[in-house]
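Engineer: can you look at this prediction? I've put the sequence above it.
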Amino acid sequence: MISTTAPIVLVRRGLIALTGIGVLATAFELAAERHWGHIEQLVPWLALAVIAVAIGLLLLPDGRGTTAARVLAVLVLGAALYGVIEHVLVNAGAGRFDPHYGDVWQSLPLLERGWYAVTKTVGSAPTLAPGVLAQIALLLLLATVCRERQAAVR
């Protein structure tokens, strides 16, 4: 039997599935890292819960939850970008205490210090972790665009 499902529907379903997989994988990583010791460490857990709600909204019939899902995804995207910046700043602040760079940290060019902070050459805050939350939110936003495209094709 040949499927007559439109490619845009398959893309939308794939994007939603990738979003769900991203939520589960990120939750596993956060749990493995025991990422809950401080109040600010609960932010990514809240972001994952918000994305899970947004996925549920996207699955409502007739696109009734699409707008709300978009709003939630944009909120998570903002929180994720804040997280990336916060992690970079924490790492940069640790630069002066680094055994290798501490003595020369203030004399290094700003771009070099930034690079060391982003790449965790100094500090221990993973800058990619909140970036993954941004990726998950963007996948969900793309799925909402596919919903509109799907409706326009009909």
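Structural biologist: Thanks, I have it.
Engineer: so what's the residue nearest to the spatial centre of the chain up against?
Structural biologist: Most central residue of the chain, judged by C-alpha distance to the mean C-alpha position with CA atoms, centre = their mean, is Leu133 at 1.1 Å. If a contact means CB atoms under 8 Å, 6 or more residues apart in numbering, then Leu133 has Thr26, Pro44, Ala47, Leu48, Ile51, Val76, Ala79, Ala80, Gly83 as its contacts. Every residue, glycine included, has its C-beta placed from N, CA and C.
Engineer: and these, which are buried?
Structural biologist: The neighbour-count test (16 or more other CB atoms under 10 Å) marks Thr26, Pro44, Ala47, Leu48, Ile51, Val76, Ala79, Ala80, Gly83 as buried among the contacts of Leu133.
Engineer: what's the single longest helix in this structure?
Structural biologist: Taking DSSP state H as the assignment, the helix of the chain that covers the most residues is helix 66-94.
Engineer: and that one, which residues are buried?
Structural biologist: 66, 69-70, 72-73, 75-77, 79-80, 83-84, 87-88, 91-92, 94.
Engineer: same check on stretch 9-16?
Structural biologist: Within stretch 9-16, the residues that qualify as buried are Val9, Val11, Arg12, Leu15, Ile16, counting by 16+ other CB under 10 Å.
Engineer: what's the helix or strand for the second one?
Structural biologist: Taking DSSP states H and E as the criterion, Val11 maps to helix 7-32.
Engineer: after that helix, heading C-terminal, what element do we hit next?
Structural biologist: Where DSSP H and E defines the elements, the next helix or strand beyond helix 7-32 is helix 43-58.
Engineer: if I look at the residue nearest to the centre of the chain, how far off is Leu59?
Structural biologist: Leu133 sits at a distance of 21 Å from Leu59 (criterion: CB to CB, to the nearest Å).
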